[in-house]
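Undergrad: what follows is a predicted structure for the sequence shown.
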Amino acid sequence: MRAVALDMWDPYVAATRAYVPGAEDKIVFDKFHLLCTVTEAVDKVRRQEHKVLRAEGEERLKGTKYLWLANAENVPEWRRAEFEAVKGENLKTGRAWAIQEALRRFWKYRYRQWAADYFRRWYFWATHSRLEPVVSAAKTLQAHLSNILTYFRHRLTNATAEGLNSKIQMVKEMACGFRNREHYKTAIYFHCGGLDLYPRLEASARTGGLTTTYGGHPL
């Protein structure tokens, strides 16, 4: 085993260290979970600030939750003007979001040392932001930095596993649950097994005609 991608949950880390030889150099903390840690901090800042503004009769942050949670490029076109306007105001939430967006550039570096230098500068900015949730998130990342930087050796994420887990959860929700574990397993294999279930026409070299196949088998 060359590398293990996981989130920062202590039991996962402990189990990996217990059963994987040389785990310290093989653990790669998943970048999407790391970004989620900072994104949650941004949302906490938004909720705190919205509460204060609403008490003063201000509604500038009302209905903007998912704008702050999205990547800059994923903000819907029809809401970009609104988002640009609220970003331009002197809000704590805007500062927290800018810190979050800056962290995304961290994973674009090619070399570990360059990434480490960038993180050091980002960490200084985050911990001097005077935004308590952001400071706390930055310190969490700093505490796990050695196995964040292993990404630049292994370039590994949990994306495939997370995508598969999401699909399995969708299978469960569509069925409104399963009373039989074997039926659940069968449904997972059916939907996630890469089966070719669409009939197609194939030319027959021997007869000059067409053969209908279903899942690769002639009908």
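TA: Everything's here; your move.
Undergrad: what helix or strand is the most centrally placed residue in the chain on?
TA: By C-alpha atoms, centre = their mean, the chain has its centre lying nearest to Phe32, at 3.4 Å. Under the criterion of DSSP states H and E, Phe32 resides in helix 31-55.
Undergrad: and that helix, how far out from the chain's middle?
TA: How far helix 31-55 lies from its chain's middle: 16 Å, per C-alpha atoms, centre = their mean, to the nearest Å.
Undergrad: hang on, the earlier thing: quick check: the gap between the residue nearest to the centre of the chain and Ala14.
TA: 21 Å (C-beta to C-beta, to the nearest Å). Using the backbone N, CA and C atoms, a C-beta is placed for each residue, glycine as well.
Undergrad: ok, His144 next?
TA: 14 Å.
Undergrad: looking at these two, which one has more neighbours?
TA: Taking neighbours as other C-beta atoms under 10 Å, His144 and Ala14 compare with His144 leading, 16 against 11.
Undergrad: so that one makes contact with Phe29?
TA: Yes. Counting by C-beta atoms under 8 Å, His144 does reach Phe29; the two are 5.7 Å apart.
Undergrad: between those two, which contacts overlap?
TA: Met8 (C-beta atoms under 8 Å, 6 or more residues apart in numbering).
Undergrad: rewinding a little: hmm, the residue nearest to the centre of the chain is touching Thr157, no?
TA: Yes. Counting by C-beta under 8 Å, Phe32 touches Thr157, with 6.5 Å between them.
Undergrad: quick check: which ranges of this structure have low pLDDT?
TA: 162-163, 197-219 (pLDDT under 70).
Undergrad: any idea which helix or strand comes after the helix or strand harbouring Arg80?
TA: Using DSSP H and E, Arg80 sits in helix 80-87. Sequence order places helix 92-104 as the next helix or strand after helix 80-87, per DSSP H and E.
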